[in-house]
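Participant: What shape does this take:
(chains A, B, C and D)
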2 protein chains.
Amino acid sequence: MTVTLKEVAESAGVSRSAVSRTFTDGASVSSKTREKVEAAALALGYAPSMIASSLTTGRTKLIGLVANNFQNPVFLQVFDLFTRTLQARGYRPLLVNLTDETDPSYSVQMLKQYNVDGVIIATSTLPPSFARAFHQANLPVVHAFGRFDPVANVDVVGIDNVANGKLAAKTLLARGYLSIAVIGGPETATSTKDRIKGFKQAMAQAKIAISDISYARSYTHTAGVEAMRSLLERKKIEVVFCGDDLICMGAMDAARTAGLSIPHDIGFLGFNDMEMAGWQAYNLTTIHQPVADIIQRAVEVAICMDAASTTPTTTLYPCELVERGSLRPVM
Amino acid sequence: MTVTLKEVAESAGVSRSAVSRTFTDGASVSSKTREKVEAAALALGYAPSMIASSLTTGRTKLIGLVANNFQNPVFLQVFDLFTRTLQARGYRPLLVNLTDETDPSYSVQMLKQYNVDGVIIATSTLPPSFARAFHQANLPVVHAFGRFDPVANVDVVGIDNVANGKLAAKTLLARGYLSIAVIGGPETATSTKDRIKGFKQAMAQAKIAISDISYARSYTHTAGVEAMRSLLERKKIEVVFCGDDLICMGAMDAARTAGLSIPHDIGFLGFNDMEMAGWQAYNLTTIHQPVADIIQRAVEVAICMDAASTTPTTTLYPCELVERGSLRPVM
DNA sequence: TTTGTATTTTGGAACGATCCATTTGTCAAC
DNA sequence: GTTGACAAATGGATCGTTCCAAAATACAAA
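Facilitator: Coordinates of the predicted model:
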């Protein structure tokens, strides 16, 4: 059924090794045998088996891509970029959906069974300890969109969430807002904690109290609607900083349903700068997260981590404000 | 570094085969040896190598998941469901992003090299001939969201796009719309062709001319905006049927920017019923595509296709109208 | 005890590649 | 024609499993 190297060798009248070498670049083969082999391979429709080769080489060119957020459209872009970047370098992603049902430790074992060359964890909602589990199983691991943790001993690529929380606060203060609310992402996410931490710090420095802090149940539009409805019942607010664009859009829709106009009656500041933030229906001013840079770097780190890596690196990319129409102008 | 079956066997004082059998369910092992083996495996931290095992069994429990649309948020849900469904059955998806740069035939060869147990093509924008290439390479293939083709000889799971084009037309006619425009998805997609074909048929039967037919460049919001702007310059229209929700949202935003209110000045009918269609900002009446059913079935077919399958099956699921607020009421 | 049947166990031979120590081939210089 | 140096080709061993034919064991019936 499937054509093997041995058959090609026989057909070309050379040894198995000769065939093997023609297909591994950098190996030395005379042009005469190379021609013979290539002709035979083409005729038989031969393609070297990655499975068999990885048994001896120890490399599979597979990268485990672990994610747990398949609701937030940002992640579609994330998957797009990850697959493209990996493919461009000759690697393929083995996608793992970390649902609530599946035991996280199971995914470690599973990826080990497939002998993946590395693991990329793409989520901001998992603690550093999760990445550590892969590290302990001797799997090279990068935590993209993660939080630096001195204990976890794991490579991290992402953004400085504390600094960006500050940026959010400064943005609102510069526009003269005084009654300011925050709707964070899920409370357990490290990114939420850090962003709010930075936000609080900058507000404290400006000596302005935060009117209200609440958290969305999940990174979804619905959760944003719910959080905003509840907020509107509690307080009258001038502006809301949301921990994520998607949540922010839900909040905006809830505000409009309540008859408020944006940015006249109430302002909104998002986070991430997903594509939809630019749509006319929202036209959301938000903080841009350099997703492409993060992914580029995460793949690079994941691929280049050969043996037991030395000291793990943490790469943080700067974010910047993308000004659209959901905030009043700077005073 | 990695613990092998041989080491477990030695440690447990049994043969290699005994260990192998303990880890393959359905194999007969005495409870005494099973205990010994399991204890030794646990102590050594052994996990059977999928790579090595697949070399002899010929099965990898890998399924190639090929997609080419990483812009449309519908596909995030698609990936979510595919990964969940596959994982629940003990399979893992090897994700392939079919970009314009990559040669399609290359992906066939690549998936063959990894010896995947099957391939699922998840896209409506590729011709049946693409699926055929996998079939010819002896890879079991299912085309999800595809079009039935007697020549391609490939399993298809999806919807009847012609019938749903008719449903769209009837929906608009029932509401008394007379000047009706269509903005299709990319013109080359089989789904676009079929939907428009059905739409035309139903309109012809009702003896009402279609005012305008145009096509969006891609399945994106931007393409919808562009198509709608161009349409507004050309004609005055009562209602627009869009070949996809995302395109429709772009069209709606363009209409609103032009000062039109929905559904008072202009109506919109979408296709797919993606989550965003239910958001307040759009509140889009649309035709629901049973994505979950399609995926469930596609996985089932992909997994159960053992040898050279008999006659390929085509499974089509019915769609239904989801009434929201972007059309005037039925007359 | 012997025989028969059913259940376990066993080690050697795959599976399809690469690695490596040897052998073979090529070509220039003496 | 011999030698040396280097490039290329060779086949056996190996990677970590499963498969398979044969051997061993268990246990009930004669």
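Participant: which stretches of the stretch 51-200 of chain A aren't confidently modelled?
Facilitator: Scanning the stretch 51-200 of chain A for pLDDT under 70 picks out nothing.
Participant: residues from it in reach of DNA strand D?
Facilitator: Within the stretch 51-200 of chain A, the positions near DNA strand D by CB under 7 Å from any atom of the strand are A:55-56. Just so you know, the C-beta spots here come from the backbone N, C-alpha and C atoms, and that holds for glycine as well.
Participant: which residues touch A:Ser54?
Facilitator: Neighbour list for A:Ser54: A:60-61, A:115, B:51 [criterion: CB atoms under 8 Å, 6 or more residues apart in numbering or on different chains].
Participant: Pick the one among those residues closest to A:Phe82.
Facilitator: A:Lys61 (14.7 Å; CB to CB).
Participant: Count the residues that sit near that closest one.
Facilitator: A:Lys61 has 19 neighbours, counted by other CB atoms under 10 Å in any protein chain shown.
Participant: Please name the nearest non-neighbouring residue to it.
Facilitator: Leaving aside its chain neighbours, A:Lys61 sits nearest to A:Tyr91 (5.2 Å; criterion: CB to CB, 6 or more residues apart in numbering or on different chains).
Participant: I'd say that neighbour and A:Asp117 touch.
Facilitator: Yes. In terms of CB atoms under 8 Å, A:Tyr91 counts as a neighbour of A:Asp117; the distance is 7.1 Å.
Participant: which neighbours do the two share?
Facilitator: Shared contacts of A:Tyr91 and A:Asp117 (CB under 8 Å, 6+ apart): A:61-63, A:303.
Participant: that older thread, A:Tyr91 and A:Asp117: which is more packed in?
Facilitator: Neighbour count, other CB under 10 Å: between A:Tyr91 and A:Asp117, A:Tyr91 has more, with 22 against 19.
Participant: so how far is DNA strand D from that one?
Facilitator: Noted for A:Tyr91: a distance of 21 Å to DNA strand D, by CB to the nearest atom of the strand, to the nearest Å.
Participant: Please apply the same query to A:Arg324.
Facilitator: Counting by CB to the nearest atom of the strand - A:Arg324 and DNA strand D are separated by 55 Å.
Participant: Then A:Arg21?
Facilitator: To DNA strand D, A:Arg21 is 7 Å away according to CB to the nearest atom of the strand.
Participant: Correct me if wrong: that residue contacts A:Ser28.
Facilitator: Yes. At 7.0 Å, A:Arg21 counts as touching A:Ser28 under the criterion of CB under 8 Å.
Participant: Please identify which of these two sits among more neighbours.
Facilitator: Higher neighbour count among A:Arg21 and A:Ser28: A:Arg21, with 18 against 5, using other CB under 10 Å.
Participant: helix, strand or coil for the more buried one?
Facilitator: Three-state call for A:Arg21 (DSSP: H, G, I helix; E, B strand; the rest coil): helix.
Participant: who touches it in this structure?
Facilitator: By CB under 8 Å, 6+ apart, the contact set of A:Arg21 is A:27-29.
Participant: Same question for A:Glu238.
Facilitator: Contact analysis of A:Glu238 by CB under 8 Å, 6+ apart lists A:177-180, A:266-267.
Participant: Need those in a markdown table (columns: neighbour count).
Facilitator: Shown next, in a markdown table, are these (neighbours: other CB atoms under 10 Å in any protein chain shown):
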| residue | neighbour count |
| --- | --- |
| A:Tyr177 | 23 |
| A:Leu178 | 11 |
| A:Ser179 | 14 |
| A:Ile180 | 24 |
| A:Ile266 | 23 |
| A:Gly267 | 22 |
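Participant: Find the pair from those residues with maximum spatial separation.
Facilitator: Once CB to CB is applied, those give A:Leu178 and A:Ile266 as the farthest pair, at 13.1 Å.
Participant: Could you report the neighbour count for the closest residue to DNA strand C within the stretch 101-250 of chain A?
Facilitator: Ranked by CB to the nearest atom of the strand, the top residue of the stretch 101-250 of chain A for proximity to DNA strand C is A:Asn115, at 12.6 Å. A total of 19 residues lie near A:Asn115 under the criterion other CB under 10 Å.
Participant: Same check on A:Leu269?
Facilitator: A:Leu269: 26 surrounding residues under other CB under 10 Å.
Participant: Next one: A:Glu187 from A:Arg21, what distance?
Facilitator: According to CB to CB, to the nearest Å, A:Glu187 and A:Arg21 sit 57 Å apart.
Participant: wait, what's in contact with the residue most central in space within chain A?
Facilitator: Centroid-nearest residue in chain A, with CA atoms, centre = their mean: A:Ala122, separated by 3.8 Å. A:Ala122 makes contacts with A:65-67, A:75, A:78, A:82, A:144-145, A:298, as judged by CB under 8 Å, 6+ apart.
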